[in-house]
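Asker: kindly generate the corresponding structure for this input.
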Amino acid sequence: MVSDRGQSKNVCVIGAGPSGLVASRELRKEGHTVVVLEQNHDVGGQWLYEPNVESEDPLGRNKFLNVHSSIYDSLRIASPREIMGYTDFPFLVKKGRDMRRFPGHKELWFYLKDFCEWFGLKEMIRFNTRVEYVGMLDYGEFGKDLKWVVKSKEKTAEKVVEEVFDAVVVATGHYSQPRLPSIKGMDAWKRKQMHSHIYRAPEPFRNEVVVIVGNSQSGQDISMEIVEVAKEVYLSARSFDITEGLSKVISKHHNLHLHPQIESLHEDGRIQFEDGSCVIADTIIYCTGYSYTFPFLDTKGIVAVDDNRVGPIFEHTFPPSLAPSLSFIGIPRKLIGFPFFESQAKWIAQVLSGKRRLPSWDDMMQSIKEFYHSRELAGIPKSNTHDLADFEYCNKYADYSESPHLEEWRKQLCKSSIINSFANLETYRDSWDDDELLQAALQSPHFTQLGAQP
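Answerer: Residues are numbered from 1 along each chain as shown. Here you go, the predicted model:
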């Protein structure tokens, strides 16, 4: 539903990473007054690399983490740069910087800084400011005229600042809070255990026997890096049904071994696997993913995280009972992130201004129920509720705010890089065969739009 009424709201955005930055831009464009609260000293969120992790609990068991970024030193982006840019700000190659198609993490951070500067977003951001509490001022009927109390604290200040906003947009990311398995004997195992959240470089593991739990992207990347310096690396996976690319890597390294899941850990350093085999290891690195967590948010139980499902939220964005004054941006995973965050930001901004209306509470709740049911029928675990991997959904979502659909070249380049990574895990970032698609992309309006960047 579209309406011409333009209401200006006082909006707090939490986080100045990829989703928070584009949210602040779209909210301001729609006429809202915006304050962005960012706990770090600069923009970038996950992409603001933090090499110093000594202050962090190795398994991330603190309520508020000291380190936000989970990026390791050698990390390169897993998607080609052409598909990653916001719709009106292509991720261009710049002379004197990392010009690779799959650049290192620092280049993506530079891109976000360029975006921030180009659109003049910095003036809205308060850096070094941690949000400690977000709660309702007065709980009205289904979010009507609801206001939010936000308590925040600047790093060097003693005093907590309390402010009231018409709306809050939560854009805190989902790759920080370690998600750990439950393994018998974990607490009794006295050697080094850590989550990949604080992994930065392979050198500390030189000549060690290392067990890596989980063969997702980070598990594979870290295995390939550590195997060059470690004595032995045991990759513990749920299934032996692995990609051709991982199989090639394992056959190439005599000291990299694939094992089933861990059955139990023992005080003497033994690790027993489900097939009965044992190893004595120095270190266990859990590459077991991340949990959604909002330690500052008090919704009186209306929004909860249950087995990594954040809910109930309509279209991964609006909790029906608190909409539109509370919204989330950047929760979905397994999609082309930046353009999707942009369409989320546009929709949130337009709903808050009254330009568009949400469905009724009943209709939103029914939609959520149907979505959960469809996931169950598809055999998708609750913990993967927000893993979308669906271009059609992205296009349907874009229609809420009349945002552009994903270009065909963007979808095809995404697919071709995934296929290449499955077949050639070690080399896909440097060797590819999609040059025709790449040329089509570079000649598209996305890359030729005038005045996109200096």
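Asker: now do the residue most central in space within the chain, the pLDDT please.
Answerer: Central residue of the chain (Cα atoms, centre = their mean): His174, 4.3 Å from the mean position. Listed pLDDT for His174 reads 92.
Asker: all the helices of the stretch 101-250 of the chain, in order from the start?
Answerer: Ranges of helices in the stretch 101-250 of the chain, per DSSP state H, counting those that start in this stretch, are 105-118, 217-226, 244-252.
Asker: check contacts around Asp166.
Answerer: 9-11, 147-148, 325, 352 (Cβ atoms under 8 Å, 6 or more residues apart in numbering). In short, each C-beta sits where N, CA and C put it, glycine included.
Asker: out of these, which are buried?
Answerer: Taking 16 or more other Cβ atoms under 10 Å as the criterion, what is buried in the contacts of Asp166 is 9, 11, 148, 325, 352.
Asker: got the contact list for the first one?
Answerer: It stands for Lys9. Residues in contact with Lys9 (Cβ under 8 Å, 6+ apart) are 32-33, 166-167, 352-353.
Asker: excluding chain neighbours, give the residue nearest to Ser417 in space.
Answerer: Closest residue to Ser417 apart from its sequence neighbours, by Cβ to Cβ, 6 or more residues apart in numbering: Pro80 at 5.3 Å.
Asker: list just the nearest of the buried ones among the contacts of Asp166 to Thr293.
Answerer: Trp148 (18.8 Å; Cβ to Cβ).
Asker: list the contacts of that closest one.
Answerer: By Cβ under 8 Å, 6+ apart, the neighbours of Trp148 are 12, 134-137, 164-168, 325-326.
Asker: could you export those residues as TSV, including pLDDT?
Answerer: Shown next, in TSV, are the contacts of Trp148 (pLDDT from 0 to 100):
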residue	pLDDT
Cys12	98
Val134	98
Gly135	97
Met136	96
Leu137	90
Val164	97
Phe165	97
Asp166	97
Ala167	97
Val168	98
Ser325	96
Leu326	97
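Asker: related to what we said a few turns ago, so the residue nearest to Ser417 is in contact with Pro103, correct?
Answerer: No. With contact defined as Cβ atoms under 8 Å, Pro80 does not reach Pro103; the gap is 9.9 Å.
Asker: neighbour-wise, which of those two wins?
Answerer: Pro80 (25 against 21; other Cβ atoms under 10 Å).
Asker: show me what contacts the residue nearest to the centre of the chain?
Answerer: Applying Cβ under 8 Å, 6+ apart, the residues near His174 are 290, 292, 330-331, 333, 386.
Asker: mind redoing it with 10 Å?
Answerer: His174 makes contact with 19, 46, 289-293, 308, 310, 328, 330-333, 386 under the criterion Cβ atoms under 10 Å, 6 or more residues apart in numbering.
Asker: report the beta-bridge partner residues of Tyr290.
Answerer: Pro178 (DSSP bridges).
Asker: give the burial count for Phe205, as a bare number.
Answerer: Phe205 sits with 23 neighbouring residues when counted by other Cβ under 10 Å.
Asker: all the strands of the stretch 201-350 of the chain, residue numbers only.
Answerer: Here the stretch 201-350 of the chain has its strands, by DSSP state E, counting those that start in this stretch, at 209-213, 232-236, 256-259, 262-265, 270-273, 278-280, 283-286, 290-291, 297-298, 304-306, 309-311, 326-328.
Asker: picking up where we left off before, and for Pro80 and Pro103, which residues touch both?
Answerer: Residues touching both Pro80 and Pro103 by Cβ under 10 Å, 6+ apart: 91, 429.
Asker: now the terminal residues of stretch 172-189, how far apart.
Answerer: Across its full length, stretch 172-189 reaches 33 Å between end residues, using Cα to Cα, to the nearest Å.
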